[in-house]
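> 3D model of this:
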Amino acid sequence: MCARNRPRERPSVAGTPTDVVHIRLGSFLLFFAIAMGALGLVSQVPVLTGIMAVVAVIAVIDIAVAVHRQSQRENEEDDSAGME
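Take a look at the predicted model:
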């Protein structure tokens, strides 16, 4: 079947580009913060470990808020959330 003849599919999650960016960059930042925090623990630099702990908590909160916004939008939609 040709690509022109296929019906358009809609993604199952109604995410805005902003939410997607928050989740993806937040997860990268969380991974980086955990790695740097572990490095701070190994090298016995408590300031680095503390700063990275704060950054990790902020990243987790940001990801949670973005996921919550996505689920709120999904619940507000009247039509189905599956592929059409």
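
> which other helices and strands contact the worst-scoring helix or strand of the chain on mean pLDDT?
Counting by mean pLDDT, DSSP states H and E, the weakest-scoring helix or strand in the chain turns out to be helix 46-76, with a mean of 90. Where contact means 3 or more C-beta pairs under 8 Å, 6 or more residues apart in numbering; DSSP states H and E, helix 46-76 is packed against helix 17-42. For glycine as for every other residue, the C-beta is placed from the backbone atoms N, C-alpha and C.

> hmm, residue 55 is touching residue 31, no?
No - if you go by C-beta atoms under 8 Å, residue 55 and residue 31 don't touch, sitting 11.2 Å apart.

> between these two, which one's more packed in?
Shown here are residue 55 and residue 31; by other C-beta atoms under 10 Å, residue 55 has more neighbours (17 against 12).

> list the contacts for that one?
Neighbouring residues of residue 55 by C-beta atoms under 8 Å, 6 or more residues apart in numbering: 29, 33.

> look up how far residue 75 lies from it.
According to C-beta to C-beta, to the nearest Å, residue 55 stands 31 Å off from residue 75.

> ditto for residue 66
Applying C-beta to C-beta to residue 66 and residue 75 gives a distance of 15 Å.
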